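>>> Give me a 3D structure for the following:
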Amino acid sequence: MIKAYLLRRRGEIVLATLLSAASAGLSIVLLGYVNRLAGSGLHDPVQVVALYGLGLIALTFITSVISGTYLARFGSATIADLRRDLSERYMRLDYEKLLEVGKHQVTGSLVADVGRLATLFMVLPLFIFNAALILFSFVYLAILSPALFAVFAVFMSFAIGSSLHLMRKGGRTMSEIRDEEDTLFEHFNGIANGKKELSLNEARARHFMSVIDQSIERNRVLGFAVQKWWNHGGTWSSTMIFSSLFAVVFTGNAWFGVNLVTLMQFVIVVLYLMNPLNYVIVASQDIAQGLASARKVSALGVLDPPAATGGAVPAQWRTISARDLCFRYNAADQHGFRLGPIDFDAHRGEVVFVVGGNGSGKSTLALLLTGLLRPESGHLELDGERVADDAIPAYRQLFGSVFADFYLFGHVVDRTGTTAADGLVNSLLKKMDLQDKVQSSDGLLSTLDLSQGQRKRLALVQSYVDDGEIFLFDEWAADQDSEFKEYFYRELLAELRRKGKTVIAITHDEKYFDCADRLIKLEQGRIATAPAA
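Numbering: from 1, shown residues only. Down below sits the predicted model:
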């Protein structure tokens, strides 16, 4: 993943590297000029020295500003590109894959991993700059005194190698931290989603808090281990730099007979290198975290090539069918619930009720019929023709829905993605008796903070504007009062039928079974004899 992004922006990275190299090189030239003046005095006229020095300072400043500006632009653009690309990839993630990896893992990845990947790409340009500065400094030190540089290089090689070894111990723990963070995110979601149950049972709340505390403690232990090894690596590196300075000064005086001016210049450059070296060490921590997040994102399958698309469905279809559909959520569990085999037909303009007890497979059948779940065996058909795998995305576009676990979006858009006219939305809100609760302005709803029954009515408004060819309702009327149940079954469904829409409604309301053209009854994952409509 990291390689792909670097290749995509290789031209900008080359330019950033060149600018960083120019800025770092000029910094070393300026430092060398100051060192020469300090060591040998002014050999040129004062005006010439002043003009040359000031010019070199100005050129270094301008180059650094240009380099810093470009690096900031590069970093922010890369982060935006990364966030946009990952968001689009998560949007393309199959619903079945989402169920497989867990919604909390996707949330955790979007919150934690994208942030760490963004940090990685933000520090990368400065990492390149400081690495270039260190490289040029090493070249300058080698020119200044090959003997002293040899001593310094031996110490620094040992320092860098041993520091990386220490920090690698912390890097390996980062993957464990990311796995534990997913568990923690799941618990955090439980605080909000299970608030009612937790409020009504203090003992359960205390138990759940102990579960959260255990997860937090595991994160703390792992985080401590990571920080400990990284801090040990940074401390050891700093110690080795001072040790190298001592070795340089000692050997320069005792063995090599280096003059004091050269020795002092060498020491000044090494001290100048302290900040770049420390930044590279600190940035290595951010890079290690970013790489761990990249591995996590890759493991979720977000980076897999998207499934082939391009198939089409007939514009004037007459019948959708399911043939021998079978599905099991855990294919390895041969004793778990299994849906199917199912044979099902729904005709254009028909209202079909799917009925049955809890756990009979009604909602799973709805997910299979919409193409959100892929069957273990069997297939979907349109007018007797099998829907090819690459046509499933196009097939899904036939449906508008209000699922039992529906999600409300703040904007109301039609089937083409165009913002719905406020007049249309507000008239539908009035029909749903929501005009005093919600208003639409430029397609944006004023609030979503409603009761569950009102939220379902608002979801129905959005579905009505969406205007799919097939409407799927999963227990829509379950939270409605008698007035809206009557409206839904007697008026809305009849209106959709007159418009030629197909309606598949999952329901328990026996009182309104007569509103359906056909009833499909499920029992233990199989179609049973349906009651008469």
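
>>> Now do the helix or strand harbouring residue 62: which elements does it pack against?
Using DSSP states H and E, residue 62 sits in helix 46-92. Under the contact criterion of 3 or more Cβ pairs under 8 Å, 6 or more residues apart in numbering; DSSP states H and E, helix 46-92 touches helix 2-8, helix 10-40, helix 114-144. Heads up, the C-betas are built off the backbone N, CA and C, glycines and all.

>>> Pick the most deeply packed of these.
helix 114-144 (a mean of 20; mean count of other Cβ atoms under 10 Å).

>>> Measure how far it is from the centre of its chain, please.
27 Å (Cα atoms, centre = their mean, to the nearest Å).

>>> Now do that helix and helix 10-40, the angle between them.
Here the directions of helix 114-144 and helix 10-40 differ by 40 degrees (axes from the mean of the first three to the mean of the last three Cα atoms, to 10 degrees).

>>> taking the mean pLDDT, what do you get for helix 114-144?
Mean pLDDT, helix 114-144: 80.

>>> immediately after it, which helix or strand?
helix 146-193.

>>> quick one: contacts for residue 211?
Neighbour list for residue 211: residue 187 [criterion: Cβ atoms under 8 Å, 6 or more residues apart in numbering].

>>> So it versus residue 183, what's the distance?
9 Å (Cβ to Cβ, to the nearest Å).

>>> what's the neighbour count on residue 43?
Neighbour count for residue 43, taken as other Cβ atoms under 10 Å: 9.

>>> which SSE is it in?
Under DSSP H and E, no helix or strand contains residue 43.

>>> list the contacts for it?
Residue 43 touches nothing, counting by Cβ under 8 Å, 6+ apart.

>>> Give me the residues contacting stretch 358-371.
95, 320, 322, 325, 327, 329, 337, 339, 342, 344, 354-356, 373, 375, 380, 387, 392-393, 395-396, 399, 401, 403-404, 472, 474, 504, 506, 522-525.

>>> and if we set it to 7 Å?
322, 325, 327, 339, 342, 354, 356, 373, 375, 380, 392, 395-396, 399, 401, 404, 472, 474, 504, 506, 522-525 (Cβ atoms under 7 Å, 6 or more residues apart in numbering).

>>> In ChimeraX, select just the buried ones from those residues.
Selection of buried members from the contacts of stretch 358-371 for ChimeraX, criterion 16 or more other Cβ atoms under 10 Å:
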select :322,325,327,339,342,354,356,373,375,380,392,395,399,401,472,474,504,506,522,525
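
>>> Now do the helices in the stretch 201-350 of the chain.
In the stretch 201-350 of the chain, the helices defined using DSSP state H, counting those that start in this stretch lie at 202-254, 260-272, 274-299.

>>> So, low pLDDT: which residues of the stretch 251-400 of the chain?
301-310, 331-336 (pLDDT under 70).

>>> what's across from residue 347 in the sheet?
residue 319 (DSSP bridges).

>>> Quick check, it in contact with residue 317.
No. Here residue 347 lies out of contact with residue 317, judged by Cβ atoms under 7 Å, at a distance of 9.7 Å.

>>> These two: which is more packed in?
More crowded of residue 347 and residue 317, by other Cβ under 10 Å: residue 317, with 18 against 14.

>>> Provide a list of residue ranges in the stretch 101-250 of the chain with pLDDT below threshold.
101-104, 107-108, 110, 164, 166-172, 174-175, 192, 196, 234.

>>> Other residues contacting stretch 245-257?
147, 148, 151, 152, 155, 258, 263, 266, 267, 270.
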